[in-house]
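Asker: how does the following fold in three dimensions:
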Amino acid sequence: LFLLHVDVKASAEVLKEVLRIDATYANVHTLRTRRLVQWGMFSMVSVLLDAISSLLSASIDFDFLINLSDAELALRTDSEMRAFLYRLRGRSLINVHDGGGRELLEANAFIDAHTIIECGGFGFIVVNRTASSFPMTAGCCIGRSGPAAFGEVPLAKHGILLEKAVHTGSQWAVLAYNFCNFLLRGPDASRFLQAFERRLVPDEAILQTVVMHSPYKESLLNHNMRWIYWPHQDGNAHEYWESLGGGTRDFVGGPKVLNSTEMAPVLASPYMFARKADPAVDAAVLPLWEAWMARKLSGLSVEPPQAPLGNSPGDPGLSIRFRAPGLADSEAEARMARAALRRRQIATVIFDDGSSCGCGYGCEALEGGCCSEGEVAGGGCADHSREAEDSMQHDAYGDPLCECPAETSAVSEAGGAPLVVTWINRATHPLRLSVLDYDGHERPMEQILAHRDTTISFNSNVGVTWRA
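Answerer: This next block holds a predicted model:
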């Protein structure tokens, strides 16, 4: 189900097209309440609350609500997202800052020190301050907001923000049904909404604050599954925004705009969405993405190979690394680190008929190489004496590695009988398969051997190297 909001600022042509789509597709609906949304103000939150209220009031059965902007690109198909979120039912995906750098702390201190009143999306009033005591950008505003006015008003910070700590993070989230209901109907719902109506940039704090003071803090997944790259990671963020906006207020703050020459890590990432795309900055991004997504929807391989959605080695349930601030599970993190050190490369696979395949064709392309001597059932080099290990190279997990053997004539050749590769999981933990292509690139596969004694078979091409 798609719920669309058309801003009051949108043209008549845009509104007409959205309503046409609404009338064409049964799973597309347009919110009847249109708002004049202002950057950094509560009107940004109001659209989300309108959507949640519409769903709850209509008694629509849903598991998750995902808020999106028109600047986001999907990195996954509908079926991929459904399978991923099915495992996380009841858990909200909300990014909550844990501490923060100097700039974040200074920004939050500035926001905490001011009470504001939004003026219907046209601007805002700064309560009990003057222009001289309220620093602004471009001589009028905060970021891309409307203009500020100043007045003496008998209004102060709401009492609930004096009682409960404010938490911040990204406004883009995946909200479980239970949290949506709590956000609008919880015991402190009305007080929180009133409090954040008086606060600058409430969209980057209201979800975080409510969830951190709710029963859903324990189950929170502290990530929003978005690719977002901030310009300050490359140096002076203001120089980047200046280069895009040319001194105007079109680009004041925000993440880097997606660049068509730098899309490889975006498309290969383990996330659901990427932001933000702006055709006015780089018109080549959308055609590139459309061609890439068309291959995914057709079931074809994509370049670069994509990491599994939500990929977190050693933490498949996303319940260890991504806990709410203050709830770190140090014992589980230590167990995960120890498990990583026990990982082994498979050196040789022995089949029931006595034949085997090992480190031959394509071995040099494997990360860390593989072992040249000994047969392994479960992985690792056969000689595990301390003297032998000391003389070997080690992989990224600290495991010993032998030199890779020279390529031999044992590689299967064209013209032979069709080759069927069957894998069986003899381990007590899940296994994910990957395959090396002809160029030596490792491609993770969707199939997972989830339980002990699970089997799976493939028709394999000649000269393809498999590993698990």
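Asker: pick out the residue closest to the middle of the protein.
Answerer: Met225 (1.7 Å; C-alpha atoms, centre = their mean).
Asker: once you drop chain neighbours, what's closest to that one?
Answerer: Closest residue to Met225 apart from its sequence neighbours, by C-beta to C-beta, 6 or more residues apart in numbering: Met272 at 4.3 Å. Any C-beta I mention is one placed from the backbone N, CA and C, and that applies to glycine too.
Asker: OK, contacts around that neighbour?
Answerer: Going by C-beta atoms under 8 Å, 6 or more residues apart in numbering, Met272 touches Ile66, Ala74, Leu75, Arg76, Met81, Phe84, Val174, Met225, Arg226, Leu309.
Asker: run the last query once more with 10 Å
Answerer: By C-beta atoms under 10 Å, 6 or more residues apart in numbering, Met272 lies in contact with 66, 68, 72, 74-76, 80-81, 84-85, 93, 174, 224-227, 309-310.
Asker: measure the residue nearest to the centre of the chain to Pro287 for me?
Answerer: Per C-beta to C-beta, to the nearest Å, Met225 is found 25 Å from Pro287.
Asker: now Leu207
Answerer: According to C-beta to C-beta, Leu207 stands 34 Å off from Pro287.
Asker: more neighbours: those two, which one.
Answerer: Using other C-beta atoms under 10 Å, the more surrounded residue of Leu207 and Pro287 is Leu207, with 29 against 11.
Asker: so what does that one have for phi and psi?
Answerer: Phi and psi for Leu207, reported as degrees, to the nearest 10, are phi -60, psi -40.
Asker: what about stretch 145-154, start to end distance?
Answerer: Using C-alpha to C-alpha, to the nearest Å, one end of stretch 145-154 lies 24 Å from the other.
Asker: quick check: which element contains Thr209?
Answerer: For Thr209, the host element (DSSP states H and E) is helix 206-212.
Asker: what count of nearby residues applies to the closest residue to Ala205 other than its chain neighbours?
Answerer: Leaving aside its sequence neighbours, Ala205 sits nearest to Thr168 (C-beta to C-beta, 6+ apart; 4.8 Å). Around Thr168 sit 20 other residues, with neighbours defined as other C-beta under 10 Å.
Asker: name the SS class of Thr168, please.
Answerer: Look at Thr168: counting by DSSP: H, G, I helix; E, B strand; the rest coil, its state is coil.
Asker: for it, give me its contacts.
Answerer: Thr168 neighbours (C-beta under 10 Å, 6+ apart): 95-97, 100, 104, 107-108, 111, 201, 204-209.
Asker: any of these buried? List them.
Answerer: Among the contacts of Thr168, the ones that count as buried by 16 or more other C-beta atoms under 10 Å are 95-97, 107-108, 111, 201, 204-209.
Asker: where in the chain is pLDDT low?
Answerer: 137-139, 245-252, 339-421, 426-429, 435-443, 446-447, 451-453, 458-468 (pLDDT under 70).
Asker: ok, which stretches of it are helices?
Answerer: 12-24, 43-57, 78-86, 102-112, 160-163, 177-185, 189-197, 206-212, 237-245, 264-267, 285-297, 330-341, 386-390 (DSSP state H).
Asker: could you find the closest non-adjacent residue to Val264?
Answerer: Slight slip there: residue 264 is Ala, not Val. Excluding the flanking residues, the one nearest Ala264 by C-beta to C-beta, 6+ apart is Pro304, at 5.1 Å.
Asker: how near is that neighbour to Asp234?
Answerer: 21 Å.
Asker: of those two, who's got more company?
Answerer: Neighbours were counted for Pro304 and for Asp234 using other C-beta under 10 Å; Pro304 has more, 15 against 11.
Asker: wait, the more buried one sits on Leu267?
Answerer: Yes - contact criterion C-beta atoms under 10 Å: Pro304 and Leu267 qualify, at 6.3 Å.
Asker: and for those two, which residues touch both?
Answerer: Counting by C-beta under 10 Å, 6+ apart, the contacts common to Pro304 and Leu267 are Trp292.
Asker: touching stretch 298-308 from outside, list them.
Answerer: 75-77, 80, 84, 263-271, 291-296, 316, 432, 434, 437, 441-446, 448.
Asker: taking those residues, please make a ChimeraX selection of just the buried ones.
Answerer: Of the contacts of stretch 298-308, the buried ones can be selected in ChimeraX as follows, counting by 16+ other C-beta under 10 Å:
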select :75,76,80,84,263,266,267,269,271,292,293,296,316,432,437,448
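Asker: and the residue nearest to the centre of the chain, what does it touch?
Answerer: 66, 75-76, 81, 84-85, 88, 93, 95, 172-174, 269-273, 309-310, 318.
Asker: and the strands in the stretch 251-400 of the chain, which stretches?
Answerer: Using DSSP state E, counting those that start in this stretch, the strands of the stretch 251-400 of the chain run over 273-275, 349-350, 356-357, 393-394, 400-401.
Asker: pretty sure Ala173 contacts Asn95?
Answerer: Yes - using C-beta under 10 Å, Ala173 is in contact with Asn95, at 7.3 Å.
Asker: shared neighbours, the two?
Answerer: Taking C-beta under 10 Å, 6+ apart as the contact rule, the neighbours common to Ala173 and Asn95 are Leu207, Gln208, His223, Asn224, Met225, Arg226.
Asker: so how far is Ser170 from the residue lying closest to the fourth one once chain neighbours are set aside?
Answerer: Looking back up the chat, that one is Asn224. Take Asn224 and drop its neighbours on the chain: the residue closest to it by C-beta to C-beta, 6+ apart is Asn95, 4.7 Å away. According to C-beta to C-beta, Asn95 and Ser170 sit 4 Å apart.
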